[in-house]
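1. Here is my input, please return the structure:
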Amino acid sequence: MPTRTARTAWNGTLEQGSGQVELSSSEVGTYEVSFPKRAADDAGGTTSPEELVAAAHSACYAMQLSANIAQAGGTPQSLEIKADVSLGPDPAGGFRLTGIQLTVRGEVEGLDAAGFEKAAQEAKAGCPVSKALTGVDISLDAALD
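-> Numbers count the residues shown, from 1 in each chain. Predicted coordinates:
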């Protein structure tokens with residue numbers, strides 16, 4: 001399996017500096033980052049590590065869930081996955097990811113609600129990004145449409 005790469009160029013202090021995150025492997029874009037906007041309610045056109053983790057987690061989870069549904073005998077017609085990643089103070093100092101809420105809605109042929117819930121829970125445990133984030137509380141709300 002390949003290794004994927006992102007690069008960040010940062011200038012200045014934490015409070016007054018800013019940077020650009022480049023998705024180097026795919027070459028799909030470069031995105032602005034800054035700590036004040038990371039900590040603000042309105043991101044103001046910048047991304048953050050938490051948003052990038054949310055993107056990675058939702059995409060990885062979607063792939064894992066589609067595989068688990070097929071393995072359980074179902075056929076996914078559509079899946080919508082939202083990942084909300086929260087940043088907060090770390091009791092040991094600094095900040096940490098304080099939680100991830102995965103919300104999943106799906107249209108699936110061949111599985112009932114219980115079968116879908118089972119596949120969804122197994123995907124939460126089996127997704128490589130979930131495995132990488134084992135130090136973060138990950139909750140799941142999964143339902144068929």
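2. ok, Leu102 to Gly93 distance?
-> When distance is defined by C-beta to C-beta, to the nearest Å, Leu102 is 28 Å away from Gly93. All C-beta atoms are positioned from the backbone trio N, CA, C, and that covers glycine.
3. higher neighbour count, these two?
-> Leu102 (23 against 7; other C-beta atoms under 10 Å).
4. mind listing what's buried in the longest helix seen in the chain?
-> Scanning the chain for the longest helix, with DSSP state H as the assignment, gives helix 49-71. Across helix 49-71, burial judged by 16 or more other C-beta atoms under 10 Å covers 50-54, 56-58, 60-62, 64-69.
5. Show me what stretch 74-82 is in contact with.
-> Identification of contacts with stretch 74-82 by C-beta atoms under 8 Å, 6 or more residues apart in numbering yields 58, 61-62, 65-66, 69-70, 102-111, 115-116, 119, 145.
6. now swap in stretch 114-134 and tell me
-> In this structure, residues lying in contact with stretch 114-134 by C-beta under 8 Å, 6+ apart are 53, 56-57, 60-61, 63-65, 67-69, 71-74, 97, 100, 102, 104, 106, 108, 111, 138, 140, 142-144.
7. swap in stretch 48-61?
-> 6, 21, 33, 37-38, 43, 81-87, 97, 100, 102, 104, 123-124, 127-130, 133.
8. In this structure, where is pLDDT below threshold?
-> For the chain, no stretch has pLDDT under 70.
9. can you map out the strands along it?
-> 7-11, 18-22, 30-33, 75-89, 95-109, 138-144 (DSSP state E).
10. For those strands, give me CSV that also has distance to Met1.
-> Shown next, in CSV, are these (distance: least, C-beta to C-beta, whole Å):
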stretch, distance to Met1
strand 7-11, 20
strand 18-22, 22
strand 30-33, 25
strand 75-89, 22
strand 95-109, 23
strand 138-144, 23
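11. measure Leu14 to Phe35 for me?
-> Taken as C-beta to C-beta, the span from Leu14 to Phe35 is 5 Å.
12. Compare the two (neighbour count), which wins?
-> Each of Leu14 and Phe35 has its neighbours counted (other C-beta under 10 Å); Phe35 has more, 19 against 10.
13. OK, contacts around the more buried one?
-> Contacts of Phe35 by C-beta under 8 Å, 6+ apart are Leu14, Glu15, Gly17.
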